[in-house]
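Visitor: next comes the sequence, and after it the predicted model I'd like to discuss.
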Amino acid sequence: MAEVSSGGGKKEKGRSKKVSTKIDMTPMVDLAFLLITFFMLTTTFSKPQTMEVNMPDKTDKQEKQPLKESKALTIILGEDDKVYWYTGLTNPKVEVTNYSADGIRKVLLNKNRQIKDLVVLIKAKDVSKYKNIVDILDEMHIANIKRYAIVDFTPTDEELIKNS
Amino acid sequence: MPKVKIPRKSISLDMTAMCDMAFLLLTFFMLTTKFKPQEAVAVDIPSSISETKLPDKDMMVISVEKSGAVFFGIDGQNTRIALLDNIARKYNIAFTDKDKAEFSLMSSFGESVAGLKSLLHLNLNDRNLVKQTGVPADSAHNELKDWIYYARISNPNLRIAIKGDRVSDYKVVKNIIATLQEQNINKFNLITSLEQKPKN
């Protein structure tokens, strides 16, 4: 049996002394809490979230169907967190907005309500930030838009946004 | 004023219960903890409302640093060794067993194949200090393509995630997506952190 003695060894008296079984646990608790703190700080509970992106298959020729002009909404992600958007395809009126709740989200919610089977074309300029594309994909989820595609930014689009 | 006699109480209290609890928690944290692997690059990820969790294993993570440097990371030590073997064959560079062992412990790197060897020769502390230039990923000189290709040979169940910095240019991400699409990978993940869903 483990013997815990708190007093000094006074065995010379010959009679068995009742030793206290209480030990000072303060250092042990100190140590335990120190380790808890360490593990709590190093542990990673929250795994990062992901957003799944499906791009259209470029080799698949089957799926290509012409887009109806009335159903198209184009969003151009510009520099300095600017968002340009227009409906239709030919000679559109380009408007500028931002990523706030009153900005592009309102537009998307309205358009999604007005136009059945809305198709959103997302065009990101090279100078736009990665955050912008994530934000816009997020807005698609928020506005519950099912059909959207990330397409290339073309010089024609450059002309369009220059005039706005 | 009458003198009030305060009985002297013992200040030592029974710590058994507290100790029990402390060790219980300690055990819990020790068992659940998983040490964060050392990242070669710090990336400030954007937030989204997406709640899908990132899978634990079979991940290939392509990180994009603020400056646009591309970092490549893959999990599984055996996968890493198999991948390095394939790359060595493709680029005609011989890696020693020591290099391979070092490589198998690296969670991510951002160096061209030519520069990889000298990176592996550095010790761990120096390696963290070195500014890695990124895996070449533009259309003119694309090594990322080969890394992705051989990584998928080494581990066919691989899932691909892009971890971009908030302020990195979309151009770099566009190149990566184009590289993926070239190999007919049309489904991938963007790593984000959680943000509150707006109420409407």
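Guide: Sure, I can see it.
Visitor: list the buried residues of the helix or strand of chain B with the lowest mean pLDDT.
Guide: Of all helical and strand segments in chain B, the minimum by mean pLDDT, DSSP states H and E falls on helix B:124-129, at a mean of 74. Neighbour-count burial for helix B:124-129 flags B:Arg127 (criterion: 16 or more other CB atoms under 10 Å in any protein chain shown). For the C-beta atoms, the positions are set from N, CA and C on the backbone; glycine is no exception.
Visitor: which element follows that helix toward the C-terminus?
Guide: helix B:144-154 (DSSP states H and E).
Visitor: give me the residues contacting that following helix.
Guide: For helix B:144-154, contacts defined as CB atoms under 8 Å, 6 or more residues apart in numbering or on different chains pick out B:60, B:62, B:70, B:72, B:74, B:79, B:82-83, B:86-87, B:90-91, B:113, B:135-137, B:158, B:160, B:176, B:179-180, B:182-183, B:185.
Visitor: restricted to helices, list those.
Guide: B:79, B:82-83, B:86-87, B:90-91, B:113, B:176, B:179-180, B:182 (DSSP state H).
Visitor: quick check: buried residues in whatever helix or strand A:Asp135 lives in?
Guide: Using DSSP H and E, A:Asp135 sits in helix A:130-142. Neighbour counts over helix A:130-142 (16+ other CB under 10 Å) mark A:130-140, A:142 as buried.
Visitor: ok, back up a step: what about chain A: which of the contacts of helix B:144-154 touch it?
Guide: B:Leu180 (CB under 8 Å from any CB of the partner chain).
Visitor: out of the contacts of helix B:144-154, which are buried?
Guide: B:60, B:62, B:70, B:72, B:74, B:79, B:82-83, B:86-87, B:113, B:135-137, B:158, B:160, B:176, B:179-180.
Visitor: returning to what we had before: show me what the helix holding A:Asp135 is packed up against.
Guide: The contact analysis (3 or more CB pairs under 8 Å, 6 or more residues apart in numbering or on different chains; DSSP states H and E) places helix A:130-142 against strand A:49-54, strand A:72-77, helix A:104-114, strand A:119-124, strand A:147-151, strand B:47-48, helix B:170-182, strand B:187-194.
Visitor: do you know how far B:Asn125 is from B:Val43?
Guide: 21 Å (CB to CB, to the nearest Å).
Visitor: now A:Pro56
Guide: 27 Å.
Visitor: between these two, which is the more surrounded one?
Guide: Just comparing A:Pro56 and B:Val43: by other CB atoms under 10 Å in any protein chain shown the higher neighbour count belongs to B:Val43, 20 against 13.
Visitor: give the contact list for that one.
Guide: B:63-66, B:163-165.
Visitor: sort out for me which of the residues you listed are in strands.
Guide: B:63-64, B:163-164 (DSSP state E).
Visitor: out of those, who's nearest B:Val172?
Guide: B:Val64 (5.3 Å; CB to CB).
Visitor: any idea how far A:Lys125 is from that closest one?
Guide: 17 Å.
Visitor: between those two, point out the one with more neighbours.
Guide: Neighbour tally, B:Val64 and A:Lys125, criterion other CB under 10 Å: the higher count belongs to B:Val64, 26 against 20.
Visitor: tally up the residues packed near the residue lying closest to the more buried one once chain neighbours are set aside, please.
Guide: Excluding its sequence neighbours, the residue lying closest to B:Val64 (CB to CB, 6 or more residues apart in numbering or on different chains) is B:Gly164, at 4.2 Å. As a burial measure, B:Gly164 scores 30 neighbours (other CB under 10 Å).
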